[in-house]
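> Turn this into a model:
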Amino acid sequence: MLYIQDQSGAYLPAPKDAVFTEARRLSGYQLRRGVSIKSSDAAKAAIGNKLRACECEMFACLFLDSGHRVLAWVEMFRGSVNCATVHPREVVKEALRLNAAAVILAHNHPSGDSTPSRQDIELTDKLREILKVIDVRVLDHLIVGDEVTAMSDSGHFLS
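You can find the predicted model right below:
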């Protein structure tokens, strides 16, 4: 529970928007350059907080070096309430610009349902194939709704 102090000095439960604002601030700290992403749970927590409050679909990438340290969190594409157009060449350009060795893909579903769609799976496979050519490994694709679903948890990244 997050509490805020009112003008009289009393502490009250923080309103929902204040909680989300604080969560976004803290997740920005978790995704700053040089921070090591040691587990999928750490990535899910930080990225979930960044994307959960978005009212439209947002596709973003967490670019990492060979030691899985953060190079940059980049919000790549913004869409409508139920889709965002992703241009793979822009993801490749950003990976090359940052000299990334790995990437965690992420996008939100404003509906709250974090189940991967057929389009999500096809996009993930396409980006994995394209980025493999330039030696950038796709570690995961996180889908943020009411929960955060990692496609790696479903075995999608075993092959």
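
> Assess the claim that Phe59 and Cys83 are in contact.
No: using Cβ atoms under 8 Å, Phe59 is not in contact with Cys83; the gap is 10.0 Å. For glycine as for every other residue, the C-beta is placed from the backbone atoms N, C-alpha and C.

> Which one's more surrounded, those two?
Phe59 (24 against 14; other Cβ atoms under 10 Å).

> Name the residues of stretch 119-128 that come out as buried.
120, 123-124, 127-128 (16 or more other Cβ atoms under 10 Å).

> Tabulate those residues (TSV), appending distance to Ala45, secondary structure and pLDDT.
TSV is the format used below for those (distance: Cβ to Cβ, whole Å; DSSP: H, G, I helix; E, B strand; the rest coil; pLDDT from 0 to 100):
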residue	distance to Ala45	secondary structure	pLDDT
Asp120	20	helix	92
Leu123	23	helix	94
Thr124	21	helix	95
Leu127	23	helix	97
Arg128	23	helix	96
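
> ok, those residues vs Leu51, which is closest?
Proximity of the buried residues of stretch 119-128 to Leu51 (Cβ to Cβ) peaks at Asp120, which lies at 13.8 Å.

> From Pro110, how far out is the nearest residue to that closest one once chain neighbours are set aside?
Among residues not flanking Asp120 along the chain, Ile143 sits closest, at 6.3 Å (Cβ to Cβ, 6 or more residues apart in numbering). Per Cβ to Cβ, to the nearest Å, Ile143 is found 12 Å from Pro110.

> what's the answer for Ser80, then?
Taking Cβ to Cβ, one finds Ser80 at 9 Å from Pro110.

> what's the neighbour count on the residue nearest to Asp120?
23.

> And the pLDDT for it?
Confidence at Ile143, expressed as pLDDT, is 94.

> Now do it against Cys61, distance only.
14 Å.

> what element comes up after the helix or strand bottoming out on mean pLDDT in the chain heading to the C-terminus?
Least confident helix or strand of the chain, by mean pLDDT, DSSP states H and E, is helix 16-30 with a mean of 64. Once the chain leaves helix 16-30, the next helix or strand it forms, by DSSP states H and E, is helix 40-51.

> May I ask which helix or strand encompasses Gly9?
Short version, using DSSP H and E: Gly9 is in no helix or strand.

> Okay, it and Pro88: tell me how far apart.
Distance of Gly9 to Pro88, computed by Cβ to Cβ: 54 Å.
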